[in-house]
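Student: Here you go, sequence then predicted model.
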There are 2 protein chains.
Amino acid sequence: MTKSALQIARAAYQPKVPAALKGAVKAVDGEYTQSVADQEEIKELFPNTYGMPIVTFEKSSEKKDMPAINVGVILSGGQAPGGHNVIAGIFDGVKATNKDSRLYGFILGPGGLIDHKYMELTADIIDEYRNTGGFDMIGSGRTKLETKEQFDKGLEILKELDIKALVIIGGDDSNTNACVLAEYYKAINAGVQVIGCPKTIDGDLKNEQIETSFGFDTACKVYSEVIGNIQRDCNSAQKYWHFIKLMGRSASHIALECALQTQPNVAIVSEEVEAKNMSLDDIVTYVAEIVAKRAENGQNFGTVLIPEGLIEFVPAMKRLIAELNDFLAKHDAEFKMIKKSEQRAYIISKLTKENSDLYASLPEGVARQLSLDRDPHGNVQVSLIETEKLLSEMVGKKLDEWKKAGKYNGKFSALHHFFGYEGRCAAPSNYDADYCYSLGYTASCLIAAGKTGYMSSVRNTTAPADKWIAGGIPVTMMMNMEKRHGEMKPVIQKALVKLDGAPFKKFAANRDEWAMTTSYVYPGPIQYFGPTEVCDEPTKTLQLEQAK
Amino acid sequence: MTKSALQIARAAYQPKVPAALKGAVKAVDGEYTQSVADQEEIKELFPNTYGMPIVTFEKSSEKKDMPAINVGVILSGGQAPGGHNVIAGIFDGVKATNKDSRLYGFILGPGGLIDHKYMELTADIIDEYRNTGGFDMIGSGRTKLETKEQFDKGLEILKELDIKALVIIGGDDSNTNACVLAEYYKAINAGVQVIGCPKTIDGDLKNEQIETSFGFDTACKVYSEVIGNIQRDCNSAQKYWHFIKLMGRSASHIALECALQTQPNVAIVSEEVEAKNMSLDDIVTYVAEIVAKRAENGQNFGTVLIPEGLIEFVPAMKRLIAELNDFLAKHDAEFKMIKKSEQRAYIISKLTKENSDLYASLPEGVARQLSLDRDPHGNVQVSLIETEKLLSEMVGKKLDEWKKAGKYNGKFSALHHFFGYEGRCAAPSNYDADYCYSLGYTASCLIAAGKTGYMSSVRNTTAPADKWIAGGIPVTMMMNMEKRHGEMKPVIQKALVKLDGAPFKKFAANRDEWAMTTSYVYPGPIQYFGPTEVCDEPTKTLQLEQAK
């Protein structure tokens, strides 16, 4: 592997950890817990892992001799900066307990456990990946660990390798599954503990106990770097409106954090769109009005941030997509016979009035994406819809109408961007490097303390790392029952943007000013070697949430 | 202006300069010069600024008292990182000569000179923008300074403000125009010197005397940062081919530099495509073969870098575009009457056989871009063509054919990116911060030495800044006669990628290995505060070109 100069210099970085994790550690059990909702159902589904106490780690005066232990680790789902540091933290943690302990990585995600594909992670390998981005050390995958057959198949290889504990690094679904697995292995007395780690750039795995998911900090900083650069370009050339879509699945945490970091002229928050029952036309009108007002001041330029999941939060679009999915599933053969150039008219003629009108109002490219780009289950692939182009085209159309009506007299020229893959595998910021390493090290402490069905937790992270609080949270505590694919399932509550939360309120209080003035902030690239205020600040979201 | 923590910390950076520029400076004239070609014609067109000597600045033992002077500065054309530092260098240089000297900035490019829009650039303003990206201090514009009327109009305001020297910061065309202006003002004895500065991220303004244009270093580093991140994602998920288009106009310097920095599986170099007379199908086949070979090794993922200007370098596409421009110009009214869904068939029926076949083979989206997205002169807007989608669609089609023929048995799933606006206004790297400041300071020395028709030049920049050589190059020296819009014009030769140059040779020697192995390099974000090998390295292109 040819390494860049930065990678070489960065390898030597020693992540900062909570004071409690330096030296001998003891687990202190706190109060017994309840799930956030549906306590009876969750308790029944998790008889062995429900109600356990929150655990906190404290400095211990006595170092216990622990037997060597074999541990397995899995990366599950989409990449997030810092995954390698979680693994390095686990490795250093289990080695600190007993130098003969071993760590195994399962290859390409949960599938590696089921298919018995693994590698031992030795010190040489770990050192090669410290403080690097990506999940390429062992790869990741999207196979869901859900069935008894999978669990039993996995147990075979765990037994064969004498693995006594498994750490699953993943998002809300993966951690839910980790808990189901923990429950099952405990129920059958398999002798395998299961620990989860909160990973996702989307920032939607957080709650009272988990301050943030790892990777969110770095990804938002990468996006904010390039958004800042584009805004500086926008303000220098003064002739384009930049429509910038940002990854983040359903939740708008990334768009909101980037807005707080860069102060764009417009940022849409899906959760607000849903709460206000806004139509696509409402959103378009909102943006067009800002474009028109800026034009009155001679400013025919600006920036618009759009969350990836927006379309699904527009109630009318949701209904259109549902009918389309349903209709095309039923009329697949018939639809395929129709000439491409006539498909649009065909769909318009078949949908119910409301949906037909909305479909007809969409730009051609987007209409085509809705009817053609379908996943193997026949559903529209919402994430492939170029919402940034959809919005800018519709804003352009509206401005044309206003121009004819004499309401608008500016120039509107749009450029489009989508940022996602640029940030998921960036090398972790100091925050994520420290946080991830601490999460991994904490996971090893949970293992040493004999825990299962816990998520590794590191809190108080807006304070210096020394003061961070390491511990474990029973996963069942974060659960409730939700309908998934028509069935009620126990799941970790997904954290959407709270409209009464401090980050959104800060944004809402400033957006009108940011819309009309040009108050862009240019965060620049992530720095690793400079002054602490440049290198170590957590996200604005976290700072605002923790400022109480 | 709300400043980011990095911006605040970075403001204090003191750019490094050549040793000769520290303290009193003397100009040493070298040999008299000739233009690179067409000497007779150029000499005739520039009787007052032709044949002047190369100037080098050296340390002087005596500090001369100089009268105060008013200087003007213009940013011309597309943004490039470091423009503000050029202006800061000019400012500090003219103030060092005499503290009563003044600097005026013309607003939004050359148009500001013609329309008499300007602002005085005081120390407060300059300090606000030191080491920042963007051109927003005074803005930039694309108005071309070409006519006698413009020159005379400009002279009015120069006289009014008592400006004795004008620095034009721009690309090859802007510097050509700066020289025409210098010649004119000298011819009419206007008493205004004109100095140029080599700016463009595209890297195509360079020659024996100008090592590189400013901004190329930073822009390539920003693109390489995000390409590296995408490659790490690609190698972690192992399921996508990423097609990445990069800005850079006609020349492929940016794509080549990014390839050298990140080692992708494929990088296309337009100049090679033209030299080998490759067809679109040749390019598609080349990429598809690499996709197929990697699939044989189970690697259904990879990265492809595509230079923005590619389409224009495919001879057959060039012919198609030429006929389309011609045809649609003549049949505009008729074409507009045709239903959208029938336009494609209409065009296919009207073009000559070769062009018709090629047009028919293009994916629908690209065909539409070719016939619809036209500039005010009726020409296809080549830069808007999504070459990254064009190539990936055609590669996908070819692979489908090969699959049917049993030649290929992999999975091909593509994602697309275009990077350009992300890098043009990034805060300058140390290299660009130093280089730009030195260029600006050198421009002030050329002014003090009474020079006109010169380009500011700083050479030997792969050595430590102390050893850099500052001087001036007569712009006429870089000129030749070229046909532009049907007329022979004196212009600075545009520097395309040389296929016998060290950067391309290095790439060509390694690309087959990079294609089959996964040898990605992850450069990470630009660093400002770390070790010198991380913060101060120039581009690979420059290092290879200078290693003799």
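Tutor: It's in. Residues are numbered from 1 along each chain as shown, chains lettered A, B, ... in the order given.
Student: in the stretch 401-548 of chain A, what spans have low per-residue confidence?
Tutor: For the stretch 401-548 of chain A, the stretches flagged by pLDDT under 70 are A:548.
Student: can you rerun that using 90?
Tutor: A:483-487, A:493, A:548 (pLDDT under 90).
Student: Next, give phi and psi for A:Gly139.
Tutor: When read as degrees, to the nearest 10, the backbone of A:Gly139 gives phi 80, psi 160.
Student: Would you mind listing the residues in contact with it?
Tutor: A:Leu75, A:Ile107, A:Leu108, A:Gly109, A:Gly112, B:Ser236, B:Ala237, B:Gln238 (CB atoms under 8 Å, 6 or more residues apart in numbering or on different chains). Any C-beta I mention is one placed from the backbone N, CA and C, and that applies to glycine too.
Student: can we see that at 10 Å?
Tutor: With contacts defined as CB atoms under 10 Å, 6 or more residues apart in numbering or on different chains, A:Gly139 is in contact with A:75, A:79, A:105-109, A:111-112, A:117, B:235-238.
Student: try A:Gly72
Tutor: Applying CB under 10 Å, 6+ apart, the residues near A:Gly72 are A:90, A:102-106, A:112-113, A:118, A:121, A:154, A:157-158, A:161, A:163-168, A:192, A:194.
Student: Dump the host helix or strand of it to PDB, restricted to CA.
Tutor: Using DSSP states H and E, A:Gly72 sits within strand A:70-75. Output in PDB follows, covering the C-alpha atoms of strand A:70-75 (Å, rounded to 0.1, in the frame of the first residue of the first chain):
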ATOM      1  CA  ASN A  70     -10.900 -14.500  21.700                       C
ATOM      2  CA  VAL A  71     -13.100 -11.700  20.400                       C
ATOM      3  CA  GLY A  72     -14.700 -11.200  17.000                       C
ATOM      4  CA  VAL A  73     -15.600  -8.000  15.300                       C
ATOM      5  CA  ILE A  74     -18.000  -7.100  12.400                       C
ATOM      6  CA  LEU A  75     -18.500  -3.900  10.500                       C
END
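Student: Which residues of the stretch 1-150 of chain A lie near chain B?
Tutor: A:1-10, A:75, A:78-79, A:81, A:83, A:108-109, A:132-142 (CB under 10 Å from any CB of the partner chain).
Student: List buried members of those by neighbour count.
Tutor: Buried by 16 or more other CB atoms under 10 Å in any protein chain shown: A:4-7, A:9-10, A:75, A:78-79, A:81, A:83, A:108-109, A:132-142, out of the residues of the stretch 1-150 of chain A next to chain B.
Student: Now, those that are in strands?
Tutor: Within those, residues falling in strands by DSSP state E are A:Leu75.
Student: Among the buried ones among the residues of the stretch 1-150 of chain A next to chain B, which lie within helices?
Tutor: A:Ala5, A:Leu6, A:Gln7, A:Ala9, A:Arg10, A:Gly83 (DSSP state H).
Student: Just the pLDDT at the fourth one, thanks.
Tutor: Spelled out, that is A:Ala9. Note on A:Ala9: pLDDT of 97.
Student: That one - nearest residue in space that isn't next to it in sequence?
Tutor: Distances taken as CB to CB, 6 or more residues apart in numbering or on different chains place B:Val534 nearest to A:Ala9, at 5.0 Å, with adjacent residues excluded.
Student: The helix or strand containing that neighbour: which residues count as buried?
Tutor: Using DSSP H and E, B:Val534 maps to helix B:532-535. By neighbour count on 16+ other CB under 10 Å, the buried set for helix B:532-535 is B:Val534, B:Cys535.
Student: Not counting the helix or strand following it itself, show me its contacts.
Tutor: For helix B:532-535, the succeeding helix or strand toward the C-terminus, using DSSP H and E, is helix B:540-546. The set of residues external to helix B:540-546 that reach it, using CB under 10 Å, 6+ apart, is B:203, B:206, B:211-212, B:216-217, B:220, B:224, B:253-254, B:256-261, B:431, B:459-463, B:497-498, B:501-507, B:537-539.
Student: Up against chain B, what does the stretch 351-500 of chain A have?
Tutor: A:364-365, A:368, A:384, A:415-427, A:429.
Student: now the residues you listed: which count as buried?
Tutor: Judged by 16+ other CB under 10 Å, buried ones among those: A:368, A:415-427, A:429.
Student: Next, check these against the helices and list the overlap.
Tutor: Reading helices off these with DSSP H, I get A:Arg368.
Student: Closest one of the buried ones among the residues of the stretch 351-500 of chain A next to chain B to B:Phe335?
Tutor: A:Arg368 (22.2 Å; CB to CB).
Student: Enumerate every residue touching that closest one.
Tutor: A:Arg368 neighbours (CB under 10 Å, 6+ apart): A:Lys340, A:Gln343, A:Arg344, A:Leu362, B:Glu364, B:Gly365.
Student: which of the residues you listed lies closest to A:Gly530?
Tutor: Using CB to CB, the contacts of A:Arg368 come closest to A:Gly530 at B:Gly365, 44.2 Å.
Student: out of everything not next to it in sequence, what's closest to the closest one?
Tutor: Nearest residue to B:Gly365 in three dimensions, chain neighbours excluded: B:Lys389, at 6.4 Å (CB to CB, 6+ apart).
Student: what about the one you found, which SS state?
Tutor: Following DSSP: H, G, I helix; E, B strand; the rest coil, the label given to B:Lys389 is helix.
Student: ok so, going back, just put the contacts of A:Arg368 in a markdown table and tack on distance to B:Met479 and pLDDT.
Tutor: Converted to a markdown table, the contacts of A:Arg368 look like this (distance: CB to CB, whole Å; pLDDT from 0 to 100):
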| residue | distance to B:Met479 | pLDDT |
| --- | --- | --- |
| A:Lys340 | 52 | 78 |
| A:Gln343 | 56 | 87 |
| A:Arg344 | 54 | 88 |
| A:Leu362 | 52 | 89 |
| B:Glu364 | 44 | 81 |
| B:Gly365 | 41 | 80 |
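Student: among these, which two are most distant?
Tutor: Maximum pairwise distance among these (CB to CB): 17.6 Å, between A:Leu362 and B:Glu364.
Student: shouldn't A:Tyr421 be in contact with B:Phe243?
Tutor: No - between A:Tyr421 and B:Phe243 there is no contact under CB atoms under 10 Å: 11.9 Å.
Student: joint contacts of these two?
Tutor: Joint contacts of A:Tyr421 and B:Phe243 (CB under 10 Å, 6+ apart) are B:Leu415, B:His417.
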